[in-house]
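J.: sequence first, predicted coordinates after that:
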Amino acid sequence: MRTSRFSDSQIMVILKQAANGIPAPELCRKHGMSSALFYKWRAKYDGMDTSMIARMKELEKENARLKKLN
């Protein structure tokens, strides 16, 4: 799987900027990402902090590893 160009802290900063009222298309242009990616992040990470995102990614990796064992 391809890794993200954006770190967990960058994702949080972008989502906080959107929560503060900056329009999504403007954020997407500024950070060089698609609007689909922005809305996917918002659906997945909204309301989380950086440590929660890191823990969730760690669990997803572990689940993928366990699924390969079967």
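T.: Cool, the structure landed. Residues are numbered from 1 along each chain as shown.
J.: state the distance from E62 to S35.
T.: Remark: distance between E62 and S35 (CB to CB, to the nearest Å) = 31 Å. For the C-beta atoms, the positions are set from N, CA and C on the backbone; glycine is no exception.
J.: over to L69?
T.: 37 Å.
J.: the more surrounded of the two?
T.: The neighbour comparison of L69 against S35 (other CB atoms under 10 Å) goes to S35, with 12 against 5.
J.: so what's the more buried one closest to, chain neighbours aside?
T.: Excluding the flanking residues, the one nearest S35 by CB to CB, 6 or more residues apart in numbering is C28, at 5.0 Å.
J.: who are the contact partners of the one you found?
T.: Contacts for C28 were tallied using CB atoms under 8 Å, 6 or more residues apart in numbering; they are 34-35, 37-38.
J.: any idea which element it lies in?
T.: helix 24-31 (DSSP states H and E).
J.: I'd like the next helix or strand past that helix.
T.: helix 35-45.
J.: now the angle from the next helix or strand after that next one to helix 35-45?
T.: For helix 35-45, the succeeding helix or strand toward the C-terminus, using DSSP H and E, is helix 50-69. Relative orientation of helix 50-69 versus helix 35-45 (axes from the mean of the first three to the mean of the last three CA atoms, to 10 degrees): 90 degrees.
J.: you'd agree H31 is up against I14?
T.: Yes: if you go by CB atoms under 8 Å, H31 and I14 touch, sitting 6.0 Å apart.
J.: so who does the residue sitting nearest the centre point of the chain touch?
T.: The residue lying closest to the centre of the chain (CA atoms, centre = their mean) is W41, at 4.3 Å. Applying CB under 8 Å, 6+ apart, we find W41 in contact with 11, 14-15.
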